[in-house]
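1. Output the structure for:
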Amino acid sequence: MTNSSQYQKAGVNVEAGDALVDWLQKDQKKSIFQDRIVSGIGGFASLFNMQFPEIKKPCLVTCTDGVGTKVKLASKYSRYEGIGQDLVAMCVNDLICTGGIPLMFLDYYAVGKLDLQNAQAFLASVKKACEDSECALVGGETAEMPGVYNPPDFDCAGFAVGIVDQDKALGPQNVQVGDVLIAVESSGLHSNGYSLYRKLFEKDESQFLDQLLVPTHLYVKMMKSVMKKINVHAAAHITGGGLDNLPRVMPQNTVAELSPWEFPKIFKEVQRRAEMSDLEMMQTTNCGIGFVLFVSPKDVSETLGLIEHAGFKAWNWGVIQNSPKLGTDPMQPKEQEPSWKLKAGGSR
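-> Residues are numbered from 1 along each chain as shown. Modelled structure (predicted):
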């Protein structure tokens, strides 16, 4: 008996893994950075030509993420066609918050037993999302791990690399009092909070499956189109922790005063089942807002038009203000001033 067949007897199908790599290589399309890929899928590592003479102070932007327990629903119902987009989105949406552009993406896909059809559906989704985000899929890893994952369970992780001019990077250093927050719609629950959602919907999840598995929006093209014409000051990807992602790109001693908005139906259903307050919802889920841009008041109208032209609903959501001054008596404990608050009135 050969070593290969011994390995297969232990539960690892080397031939299936090789077939998946062959499929990926044969189905490669010319990407936006294909001329910069020195070597890609199939080798031990990928080489990418990093010469960008038009960028004065080039900085690499790197990020990694996963999809969390949303994979449990995908595997249970054999719905792999959108989960790859979730994986790419969770990485590249973070990356563009720096003002950088994604260049390349790698994935990690781990299973108990490799099913070629499921793996191809997942990777086809990854590839399509990379194309839609104008970055190159340059490699990855497929791991067959019997005894660690029980079929059809799987897990995945993504790794994105981009580039930004240091002098043009977005962030709190650019945000000023008076800046306006532009909210951009989410596609739904996106890819955070699924330990809660699976528990809330476990008795009737099949009835809500399309809403539970809708892929995370990709905001790269939208953001790139806005940045070509607008001096965006900062951007926030609303993921786990909900609106508490905003302070990550806000200067100290400022507060975002936000206008109330209508929660989409799926979030109202989550709120009803979980018996959560509005505040708890906004600190846990995206509540229908997947991405936020910080811009000057003079640029609001044009920014909204560009986002709408990119295919997303967006609205003027709030404004950056100075935080109220707290007591200065050193003997008195200082209260934690919230970084965001809702305006009074309005309907939600």
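2. What separation is there between the most centrally placed residue in the chain and residue 156?
-> For the chain, the residue sitting closest to the mean C-alpha position, by Cα atoms, centre = their mean, is residue 90 at 2.2 Å. Note on residue 90: its distance to residue 156, by Cβ to Cβ, to the nearest Å, is 10 Å. Just so you know, the C-beta spots here come from the backbone N, C-alpha and C atoms, and that holds for glycine as well.
3. Likewise for residue 222?
-> Here the distance between residue 222 and residue 156 works out to 24 Å (Cβ to Cβ).
4. The two: who's more crowded?
-> Each of residue 222 and residue 156 has its neighbours counted (other Cβ atoms under 10 Å); residue 156 has more, 25 against 22.
5. coming back round to it: return the residues in contact with the residue nearest to the centre of the chain.
-> 65-67, 158, 191, 216, 239 (Cβ atoms under 8 Å, 6 or more residues apart in numbering).
6. By neighbour count, which of those wins?
-> Comparing the contacts of residue 90 by number of neighbours (other Cβ under 10 Å), residue 216 comes first, having 28 neighbours.
7. Quick check, that one in contact with residue 190.
-> Yes. Using Cβ atoms under 8 Å, residue 216 is in contact with residue 190, at 4.3 Å.
8. Common neighbours of the two, please.
-> With Cβ under 8 Å, 6+ apart as the test, residue 216 and residue 190 both reach 86, 89, 290.
9. Relative to residue 176, which of those residues is nearest.
-> residue 290 (24.2 Å; Cβ to Cβ).
10. Skipping its backbone neighbours, what lies nearest that closest one in space?
-> residue 186 (3.2 Å; Cβ to Cβ, 6 or more residues apart in numbering).
11. Need phi/psi at that neighbour.
-> Note on residue 186: its backbone torsions stand at phi -90, psi 170 [degrees, to the nearest 10].
12. hang on, the earlier thing: what's the overlap in contacts for residue 90 and residue 156?
-> Shared contacts of residue 90 and residue 156, counting by Cβ under 8 Å, 6+ apart, come down to 66-67.
13. which stretches of the protein have low pLDDT?
-> The model of the chain has pLDDT under 70 over residues 1-14, 16-18, 20-21, 23-32, 39-42, 325-337, 344-348.
14. Relative to the whole chain's centre, how far out is the helix or strand containing residue 279?
-> For residue 279, the host element (DSSP states H and E) is helix 278-282. How far helix 278-282 lies from its chain's middle: 21 Å, per Cα atoms, centre = their mean, to the nearest Å.
15. before we move on, back to that, wait, the residue nearest to residue 290 sits on residue 288?
-> Yes. In this structure, residue 186 is within contact of residue 288 by Cβ under 8 Å, at 5.6 Å.
16. okay, now the domains of this structure?
-> 3-168, 180-342 (automatic domain parsing).
17. List the buried residues in stretch 270-277.
-> Residues of stretch 270-277 classed as buried under the neighbour-count rule (16 or more other Cβ atoms under 10 Å) are 270-271, 274, 276.
18. list the contacts for residue 322?
-> If a contact means Cβ under 8 Å, 6+ apart, then residue 322 has 177, 253-255 as its contacts.
19. and what of residue 259?
-> Taking Cβ under 8 Å, 6+ apart, one finds 316-318, 342-343, 346 in contact with residue 259.
20. For it, which non-adjacent residue is spatially closest?
-> Distances taken as Cβ to Cβ, 6+ apart place residue 343 nearest to residue 259, at 5.4 Å, with adjacent residues excluded.
21. What distance do you get for the one you found to residue 290?
-> Counting by Cβ to Cβ, the separation of residue 343 from residue 290 is 21 Å.
22. For residue 64, give me phi and psi.
-> phi -140, psi 150.
23. can I assume it is in contact with residue 159?
-> Yes. Here residue 64 reaches residue 159: they are 4.8 Å apart, a contact under Cβ under 8 Å.
24. Settle it for me: which of the two has more neighbours?
-> The neighbour comparison of residue 64 against residue 159 (other Cβ under 10 Å) goes to residue 159, with 18 against 14.
25. Tell me the secondary structure of the more buried one, please.
-> When classified by DSSP: H, G, I helix; E, B strand; the rest coil, residue 159 comes out as strand.
26. list the contacts for it?
-> Contacts of residue 159 by Cβ under 8 Å, 6+ apart are 62-64, 91, 105-108.
27. Reformat those residues as CSV; add secondary structure.
-> Shown next, in CSV, are the contacts of residue 159 (three-state DSSP):
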residue, secondary structure
62, strand
63, strand
64, strand
91, helix
105, strand
106, strand
107, strand
108, strand
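28. just curious, which of those residues is nearest to residue 234?
-> residue 63 (16.4 Å).
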